[in-house]
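**Q** Make a model of this:
(chains A, B and C)
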Amino acid sequence: MLAEAAAVRGIAQRDGFDARRPRFALLALTGVFVALAVLFMTYDLKGSLSYALEFRARKLGGLALVGFAVAYSSVLFHTVTHNRILTPSLMGFDALYQLIQTSAAFFFGTFAVLQLDERIRFGIEIAIMLAFATVLYRTLFGRDDRDLYVLVLVGIVMGLMFSSLTSLVSRLIDPNEFIALQDRLFADFSRINQDLLVVSSAIILAVVAVSWRLLPRLDVVALGREHSTNLGVDHQRIVNEVLVVIALLVSVSTALVGPVTFLGLLVANLSYQVTGTFRHRYTVPAAVLLGMSALIGGQFILQEVLASSTRLSVVVSFVGGLYFIALLWREARTARA
Amino acid sequence: MTSGATTPRTTSGSGLPAEAGFVVAALAVLVVAAAASLFVGVSAVSPRGLIEGDDHQWRVFWESRIPRLAAILLAGSAMSVAGLIMQSLVRNRFVAPSTAGTVEAASLGLLIATVWFGSTSVIGKMVIAVAFALLGTAFFLSLVQRLRFADIVLVPLAGIVFGGVIQAATTFFAFQWDLLQSLNAWTQGDFSGTLRGRYELLYVVGALMLVGYLYADRFTLVGMGREFAMNLGVRYERVLYGGLALAATITAVVVVVVGAIPFIGLIVPNLVTMALGDHLRRVLPATAIGGALFVLLCDILSRTIRYPYEVPVGTVVSVLGGVIFVVLILRSRVGAR
Amino acid sequence: MIEVSGVTKRYGDATVLDNVSLTLHRGGVTALVGANGAGKSTLLSIIGRLLTPEAGRVSVDGLDVATTPSTELARRLSILRQENTVAVRLTVRELVEFGRFPHSGGRLTANDRDHVERAIDYLQLRPFEHRPVDQLSGGQRQRVFIAMVLCQDTDYVLLDEPLNNLDMRHAVQTMHLVRRLATDLGKTLVVVLHDINFAAHHADRIVAMKDGRILADGTPSEIVTPAQIQAIFDLEVDVHHLDAGPFAAYFARRD
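**A** Residues are numbered from 1 along each chain as shown, chains lettered A, B, ... in the order given. Sure, this is the predicted structure:
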């Protein structure tokens, strides 16, 4: 442990690191986030003030929680998989969560599932999700981590397959029952699952409390298994812990609003660009602020400026996907030059 | 140089080539399945009823069952052949209409055509869908050509994300124009609405498949590389663009008439070439028959799994296809390195 | 006859070929030698119309390679580049058959089949004619590609570093084959070679290039001299005269 701590300190306090830029970035991002949140809460208030404020606060809370969970889990996922493209949602984790929900309804009956207390159900679903995610990760990553793109491709295809399976299973459920189920199980940004807000906040707080101390060690983990071991950091253990954290966060965000493809990819990579460092103490908070701001700002623009009822997730996929292609395009250029 | 004689031959020596046996066997299964499919459905149609001259049964038979069978055979074989041609030309086994943005571009075109021309002009829809499919595929090709030295899996990955971006845009517009329901119908391939008078456009893809067969040798040569093809007098660029245009056109027509059938252009060519090699003129017939067979079996399953309701065939194909595809990727990697 | 006149090729700012002119008469083996980046492969590719030059023209038997239909050229001239990794799963026989493509467009005639059989026998591919090409060793694969080129039955054969990645024995066998193609079948061969000694012993003529220009052009005994090698490769070597021809002892230690 001593060696580990020393190694971590060595990395974190390496000479010549200029912390001004990431600190400034964090400050600016915090400013943006606060401004957006205030704008979201106060813009064009009408009617009963207390009702409107409470309604908006819940919506804001939901958006912020999702942005937080997606950004946090994406950066951590990037680190343990040693890449900057793969994200939990690209690996089909959120599609898997929906599949678990639907399958539960199919096998145990819709009403059994609906009658169960929301929070208990959520707990059980998270437990199954954790088990599945661990198995999935083990089978795929137990191999060589050079085969990154294979994993991404497998992940995307599995995501498509899980959602097809979900729609297949949901069609096997009695159509009338399914409609009752759909409202409860498939939330999206326009109807955030309010019942889970408190539970979700608690989970996220717990996750942050537990994993915050891991962040400096993640800087070492990012160097790879061999270097981490050499520097006295237990790579395998940290990866396992991080996986649990990721599964929890994905479950939270999917339960609240459903799948959000490409948001994690977008905000994590933007955070690396903005902070200009690999240090998780900066990249994680920056990504989180970006994630929350992106969702709140996006929802605000859609709702108030464009007055459109398009789903926010569609816009996020569009922007995030474009960003991904731009990343590839630019990388191809630098590789050739 | 001496090891040749002692290593076992992997392809049969003289006599009937391997693909002939495959074609005969697959044709036999196809004929049986096709005959069976004519008598599966909500309306009772039986051989006995037809022999006894039951008017109602004959009408269902001519108006619905025969058109449905023809549409399945044409769409299944054509999509597989389109995938085969794309894989050869782009020199990547994971490229297919559904992993190159072609399908999504065609859907976007279809959406725009529906807005411009209403739902009546099938030819107008087809022309615009084809134009969009061509544009989408051309963009994909230029992206791939930038990534020439990239990993084999990065190419389809880029294609899938590109498709995702187009799809997000399509969903956005569909939402704005209140066409989300129609869009769902196009993206979920479904033969339940195939009736006489509504599918005949598909014979176009039958003709295009023949064109593909005539050019199969040139496609094989282009698949071996620019210099290789040019040495043998093949006009590389012309064949490359022409072949991709052929595949894109096939895809667009299928999307317009029956909707997208995911994965089919990916899995069937891979399975067939794995067994029979990449000599396109020799494997093209087997691929066409294999594709028709795969879709037919999935369609029979989709009609019976939730009898009397129907599950969209696209869902069944993508679940089965997804499993096969993941196994294919993981196996190919183990074998390759 | 191959005529190269005033050919210039640039990649961005770098001039790879600078106003190169060269005439190659029918028959015999011509070796193109020179240091890495001298422009040998680029010149070969331009002659084989795989690359288009910025200036100058190339003609083969009076046909301008830039304007003659590609199929027409493919019946007179074949070019084999050094990178011949096949990602495509074809059997040896299928690949060799494609050599007849310029002649028959894929539908083999009896005459085409004769060519295929002869090429397979000539390169001793019979034992594995039905095996997938990607399962062969490097030396075997090289022979398969040469068999395809042979099947193409062109008067001119351009080979770009055919000895790359071959061990000693296979390298020697390949050069014997090149020689036989010229002597027995009367073909004209242009071969890019790295090893000056292979050129000295198997070529009738050596064309030496440096920095995108032709530096020297002559018979092996004219080119393989200490002074010329110094000029071409910037390398001091002793040249010994064996019965078979000049031998540049560039492996020798110089302490």
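**Q** right, is stretch B:142-157 up against chain C?
**A** No - taking Cβ under 8 Å from any Cβ of the partner chain as the criterion, stretch B:142-157 and chain C are apart, separated by no less than 8.9 Å. Using the backbone N, CA and C atoms, a C-beta is placed for each residue, glycine as well.
**Q** Buried residues, that stretch. List them.
**A** B:143, B:144, B:146, B:147, B:150, B:152, B:153, B:154, B:155, B:156, B:157 (16 or more other Cβ atoms under 10 Å in any protein chain shown).
**Q** likewise stretch B:27-35?
**A** B:30, B:33, B:34.
**Q** Need the contact partners of that stretch.
**A** Outside stretch B:27-35, the residues that touch it by Cβ atoms under 8 Å, 6 or more residues apart in numbering or on different chains are B:69, B:73, B:289, B:292, B:293, B:296, B:297, B:300.
**Q** For residue C:36, state which of the buried residues of stretch B:27-35 is nearest.
**A** residue B:30 (56.4 Å; Cβ to Cβ).
**Q** That closest one: what secondary structure?
**A** helix (DSSP: H, G, I helix; E, B strand; the rest coil).
**Q** for residue A:223, same thing?
**A** coil.
**Q** Give me the pLDDT for the closest residue to it other than its chain neighbours.
**A** The spatially closest residue to residue A:223, leaving aside those adjacent along the chain, is residue A:231, at 7.5 Å (Cβ to Cβ, 6 or more residues apart in numbering or on different chains). In this model, residue A:231 is scored at 71, pLDDT.
**Q** looking at it, residue A:231 is touching residue A:220, isn't it?
**A** Yes - here residue A:231 reaches residue A:220: they are 5.3 Å apart, a contact under Cβ atoms under 8 Å.
**Q** quick one on the thing from earlier: out of the contacts of stretch B:27-35, what pair is the most spread apart?
**A** Farthest apart among the contacts of stretch B:27-35 - using Cβ to Cβ - are B:289 and B:300, which lie 16.4 Å from each other.
**Q** Neighbour count: these two, which is higher?
**A** Per other Cβ atoms under 10 Å in any protein chain shown, whichever of residue B:289 and residue B:300 has more neighbours is residue B:289, with 24 against 19.
**Q** Could I get the contacting residues of the closest residue to that one other than its chain neighbours?
**A** Excluding the flanking residues, the one nearest residue B:289 by Cβ to Cβ, 6+ apart is residue B:26, at 4.6 Å. Contacts for residue B:26 (Cβ under 8 Å, 6+ apart) come out as B:286, B:289, B:290, B:293.
**Q** And these, which is closest to residue C:116?
**A** Nearest member of the contacts of residue B:26 to residue C:116, counting by Cβ to Cβ, is residue B:286, at 23.4 Å.
**Q** Quick one: neighbours of that closest one, just the number.
**A** 27.
**Q** Near residue A:248, how many other residues are there?
**A** 23.
**Q** Quick check: the residue of the stretch 1-150 of chain C at minimum distance from chain B vs residue C:49, distance?
**A** Proximity of the stretch 1-150 of chain C to chain B (Cβ to the nearest Cβ) peaks at residue C:74, 3.0 Å away. From residue C:74 across to residue C:49, the span is 10 Å (Cβ to Cβ, to the nearest Å).
**Q** ok, these two, which is more surrounded?
**A** Neighbour count, other Cβ under 10 Å: between residue C:74 and residue C:49, residue C:74 has more, with 25 against 22.
**Q** Go ahead and confirm that one touches residue B:229.
**A** No - at 9.9 Å, residue C:74 and residue B:229 do not qualify as touching, with contact defined as Cβ under 8 Å.
**Q** Filter the buried residues of stretch B:142-157 down to the ones in strands?
**A** Among the buried residues of stretch B:142-157, no member is found in strands (DSSP state E).
**Q** Identify, from those, the entry nearest to residue C:107.
**A** residue B:144 (31.7 Å).
**Q** tell me the contacts of the closest residue to that closest one other than its chain neighbours?
**A** Closest residue to residue B:144 apart from its sequence neighbours, by Cβ to Cβ, 6+ apart: residue B:155 at 5.4 Å. Going by Cβ under 8 Å, 6+ apart, residue B:155 touches B:90, B:92, B:94, B:95, B:144, B:147.
**Q** Tabulate those residues (JSON lines), appending pLDDT and distance to residue A:251.
**A** Shown next, in JSON lines, are these (pLDDT from 0 to 100; distance: Cβ to Cβ, whole Å):
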{"residue": "B:90", "pLDDT": "91", "distance to residue A:251": "38"}
{"residue": "B:92", "pLDDT": "87", "distance to residue A:251": "35"}
{"residue": "B:94", "pLDDT": "85", "distance to residue A:251": "30"}
{"residue": "B:95", "pLDDT": "91", "distance to residue A:251": "34"}
{"residue": "B:144", "pLDDT": "86", "distance to residue A:251": "36"}
{"residue": "B:147", "pLDDT": "74", "distance to residue A:251": "35"}
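**Q** Does residue C:189 touch residue C:28 like I think?
**A** Yes - with contact defined as Cβ under 8 Å, residue C:189 counts as touching residue C:28 (7.4 Å).
**Q** ok, these two, which is more surrounded?
**A** Neighbours per residue (other Cβ under 10 Å) separate residue C:189 from residue C:28, with residue C:189 holding more: 22 against 17.
**Q** tell me the contacts of the more buried one?
**A** By Cβ under 8 Å, 6+ apart, the contact set of residue C:189 is C:28, C:29, C:30, C:156, C:157, C:158, C:159, C:178, C:181, C:182.
**Q** what's the neighbour count on the closest residue to chain A within chain C?
**A** Residue nearest to chain A within chain C (Cβ to the nearest Cβ): residue C:12, separated by 10.6 Å. Using other Cβ under 10 Å, residue C:12 has 5 other residues around it.
**Q** quick one, phi psi at it?
**A** phi 60, psi -120 (degrees, to the nearest 10).
**Q** now the one 10 residues further on
**A** Backbone dihedrals for residue C:22, given as degrees, to the nearest 10, come out at phi -160, psi 140.
**Q** and it, what pLDDT?
**A** 95.
**Q** Excluding sequence neighbours, find me the nearest residue to it.
**A** Using Cβ to Cβ, 6+ apart, the nearest residue to residue C:22 is residue C:4, at 4.3 Å.
**Q** Report whether the one you found is found in a strand, as I expect.
**A** Yes - checked against three-state DSSP, residue C:4 lies within a strand.
**Q** so it makes contact with residue C:43?
**A** Yes - in terms of Cβ under 8 Å, residue C:4 counts as a neighbour of residue C:43; the distance is 7.3 Å.
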